[in-house]
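A.B. asks: Pasted the sequence and its predicted model underneath.
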Amino acid sequence: MNITVFLGAPGSGKGTQAKQLSEKFGFVHLSTGDMLRSAIKQQLPVGLKAKTFMDQGNLVPDSVMIELIEETLSSVPDDTNVILDGFPRTVPQAQALDSKPKTKVSQAVNFLVPENVLVPRLTGRRVCPNCGESFHLVFIPPTKKDTCNKCSTTLIQRSDDTEEVVRRRLEVFRTQNEGLVSYFSGHNKLINLNADKAVNTIQDELLKILKQ
Ligand code: AMP
């Protein structure tokens with residue numbers, strides 16, 4: 001398995017890029033946030049364990065997340081190019097991946113975006129609860145107000161995209177990120193990416209990185 005991890009603040013564009021790369025180029029996109037939201041919707045035990053942490057903008061405990069990702073990766077074929085979006089978020093999570101030959105990380109792309117653009121990006125985000133498509137009130141408005149362009153479902157705001165929770169998520173990110181960045185940099189796996197650019201420009205740069 002060839003594993004690339006996307007590091008970066010909430011709202012830095014990791015999910016948007018990973019989704020497009022999987023749709024256009026066949027990368028397998030695994031988002032731990034999406035997995036947890038789906039587990040909550042289906043009322044699975046892992047979702048019930050995670051919900052309170054997520055609603056408060058806190059991290060779900062490492063033990064829960066490591067078990068979830070190990071279980072998911074165990075069913076992915078060896079010859080797959082995987083993008084991990086939202087995992088690892090802590091050094092113990094990174095170590096857990098690297099400790100197994102099958103799930104060793106090949107590279108970590110660090111999405112760099114100035115902090116002042118993150119809050120409006122996140123609080124203005126609206127998502128489709130049916131197909132998962134993401135919009136923004138100002139930057140990517142749907143054609144018909146509050147309605148998904150793809151499946152016509154009414155858009156919602158993620159419960160953790162309110163301003164108060166967003167600020168907490170960014171605080172949590174700041175405390176964890178330095179350790180993660182030095183972990184991957186110390187293992188010569190860190191690639192810094194200026195992600196404050198147009199989506200297509202970033203995608204071209206990512207393709208070059210991923211095809212190396
Ligand atoms: P995301 O969709 O990546 O922004 O994740 C939404 C929320 O899910 C986060 O704020 C955390 O509460 C939880 N979460 C997702 N991935 C992880 C992880 N690797 N470790 C801990 N919590 C996570």
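C.D. replies: Thanks, I have the structure now. Numbers count the residues shown, from 1 in each chain.

A.B. asks: max-length helix in this structure?
C.D. replies: helix 163-186 (DSSP state H).

A.B. asks: what comes into contact with the helix or strand just after that helix?
C.D. replies: Proceeding N to C from helix 163-186, the next assigned helix or strand is strand 190-194, under DSSP states H and E. Contacts with strand 190-194, where a contact means CB atoms under 8 Å, 6 or more residues apart in numbering, come from Gln107, Ala108, Val109, Asn110, Phe111, Leu112, Val181, Phe184, Ile202, Glu205, Leu206, Ile209. All C-beta atoms are positioned from the backbone trio N, CA, C, and that covers glycine.

A.B. asks: pLDDT of strand 190-194, averaged?
C.D. replies: Strand 190-194 comes out with an average pLDDT of 97.

A.B. asks: how's the protein carved up into domains?
C.D. replies: The chain breaks down into these domains under automatic domain parsing: 2-113+171-210, 114-161.

A.B. asks: Now, of the contacts of strand 190-194, which are buried?
C.D. replies: Gln107, Ala108, Val109, Asn110, Phe111, Phe184, Ile202, Glu205, Leu206 (16 or more other CB atoms under 10 Å).

A.B. asks: Report the separation between the second one and Lys51.
C.D. replies: Put plainly, it is Ala108. Using CB to CB, to the nearest Å, Ala108 is found at 28 Å from Lys51.
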